[in-house]
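Participant: what follows is a predicted structure for the sequence shown.
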Amino acid sequence: MEEYQEFFRIGQYTDAEAMTGCTVILCEDGVTGGVSVRGGSPNTRDTDALKSENNRKFVHGVTLSGGSAFGLAANVGVVDFLEEHKIGRDMGITFIPNVVGASLFDLRIGRFDVRPDFQAGRKACEQAFNNQTFQLGNYGAGTGCSVGTINGEKNAMKGGIGLHTMRHGKLWVTAVVAVNAVGDVYDEELGKIIAGARKPGEQKIGFSEALFLEHYQNEQALFDGNTVIGCVMTNATFSKAKMNKLADLSHNGIARAIRPAHTTYDGDTLFVLGANQIETSFEAVSILAVEAVRQAILKGTKAAETHGDYLAYQDV
């Protein structure tokens, strides 16, 4: 059992036919939360409540979904499931769960008219409570992910969802990331792009930055429909303000693994959840968080499977 499973439950709903899905991270007792949105085209729910100056003290769940703006409906199913299980703020008349979320664009890879909905959110929660084994690649929010979309879907590659845990002494940080970037995925250890934009007839991959420059006079959104979303969990104890700062710094993991990152056409969003179990250095947690995000991106990309024209890393 991984360390995060003592405090968090993760469940996934996957529609392999429609190529979409959602992933939920649940924390029944409530934890301190934070969020950072760096992409220019986000789809999010209830992120204002996580601002340091606002009243929201605890978070009970995070929903990561496909389906673009439509996929935010999965969040409602998560709220409904948690209320049913009496998880959330006890208001006397009922329990109100604090659930935040973000969605990514996956409508072109499968069926555009099938998106994660109320029932998808509930089913993901059921899997979380059934201790579902986390699956990498084409599962949950990673089902319809793609990378390197700037040169069109026929020249893009398959993204996916990844999970990675970093440890140092009693401290641990776990990141879950759905990789759906307009840019390319870069592996620092290999020193090269491992998935991204392709050109017909060429074996090389990873043209995204060059193509952005090539289209510098073109104002059309030729490469819309992307977004990297994820959640970072830790057993560290920090204030809400520090959690928001940690979420911001965790984006460095995206910047190290995606080229280019945080574009106008991505809605890159990272949530952070702290279980408040140990006192520790903020810098230590941020170092582990950045690496956990980077490694989760690589794992999700390497585990992805080819779907149609979207070739996977393992097939290239």
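Facilitator: Yes, it's here. Quick caveat, the model's predicted, so the values are computed rather than measured.
Participant: Arg45: neighbouring residues, count only.
Facilitator: 20 (other Cβ atoms under 10 Å). For the C-beta atoms, the positions are set from N, CA and C on the backbone; glycine is no exception.
Participant: helices of this structure, residue ranges please.
Facilitator: Taking DSSP state H, the helices of the chain run over residues 74-84, 118-129, 208-214, 240-257, 282-303.
Participant: for Gln12, find the nearest of the ones you listed.
Facilitator: Of all the helices of the chain, it is helix 118-129 that lies closest to Gln12, at 5.8 Å by Cβ to Cβ.
Participant: so for that closest one, what gets flagged as buried?
Facilitator: 118, 120-125, 127-128 (16 or more other Cβ atoms under 10 Å).
Participant: swap in stretch 103-122?
Facilitator: 103-107, 109-110, 114-118, 120-122.
Participant: widest-spaced pair of those?
Facilitator: Maximum distance among the buried residues of stretch 103-122 (Cβ to Cβ): 23.9 Å, for Ile109 and Arg122.
Participant: endpoint to endpoint, stretch 94-111 covers what distance?
Facilitator: Stretch 94-111 has its terminal residues 37 Å apart, counting by Cα to Cα, to the nearest Å.
Participant: what's the neighbour count on the nearest residue to Phe129 once chain neighbours are set aside?
Facilitator: Leaving aside its sequence neighbours, Phe129 sits nearest to Arg9 (Cβ to Cβ, 6 or more residues apart in numbering; 6.4 Å). Arg9 has 19 neighbours, counted by other Cβ under 10 Å.
Participant: pretty sure Arg9 sits against Asn130.
Facilitator: No - with contact defined as Cβ atoms under 8 Å, Arg9 and Asn130 do not form a contacting pair (9.3 Å).
Participant: and the closest residue to Asp46 other than its chain neighbours, bridged to which residues?
Facilitator: Nearest residue to Asp46, sequence neighbours excluded (Cβ to Cβ, 6+ apart): Val100, at 4.6 Å. Per DSSP bridges, the residues bridged to Val100 are Val62.
Participant: quick check, Met233 in contact with Arg9.
Facilitator: No - look at Met233 against Arg9 with Cβ under 8 Å: they stay out of range, at 10.9 Å.
Participant: how much space separates the closest residue to Ala257 other than its chain neighbours from Arg256?
Facilitator: Distance criterion Cβ to Cβ, 6+ apart; nearest residue to Ala257, sequence neighbours excluded, is Ile297 at 4.2 Å. With the distance defined as Cβ to Cβ, to the nearest Å, Ile297 ends up 9 Å from Arg256.
Participant: Lys242 too?
Facilitator: To Arg256, Lys242 is 22 Å away according to Cβ to Cβ.
Participant: cool, Val37 as well?
Facilitator: For Val37, the distance to Arg256 - Cβ to Cβ - is 18 Å.
Participant: those two: which is more packed in?
Facilitator: Using other Cβ under 10 Å as the criterion, Val37 and Arg256 rank with Val37 on top: 19 against 16.
Participant: can you name the residues bridging to that one?
Facilitator: Thr269.
Participant: hang on, the earlier thing: the residue nearest to Ala257 touches Asp184, doesn't it?
Facilitator: No - if you go by Cβ under 8 Å, Ile297 and Asp184 don't touch, sitting 11.3 Å apart.
Participant: what touches both of these two?
Facilitator: Residues touching both Ile297 and Asp184 (Cβ atoms under 8 Å, 6 or more residues apart in numbering) are Ile258.
Participant: the more surrounded of those two?
Facilitator: Ile297 (31 against 27).
Participant: per-residue pLDDT, that one?
Facilitator: Model confidence at Ile297, given as pLDDT, is 98.
Participant: check contacts around it.
Facilitator: With Cβ under 8 Å, 6+ apart, Ile297 has these contacts: 162, 177, 179, 185, 228, 253-254, 257-258.
Participant: identify, from these, the entry nearest to Thr47.
Facilitator: Distance to Thr47 across the contacts of Ile297 (Cβ to Cβ) is lowest for Val228, with 15.5 Å.
Participant: and that closest one, how far is that from Thr301?
Facilitator: Val228 is 11 Å from Thr301, by Cβ to Cβ.
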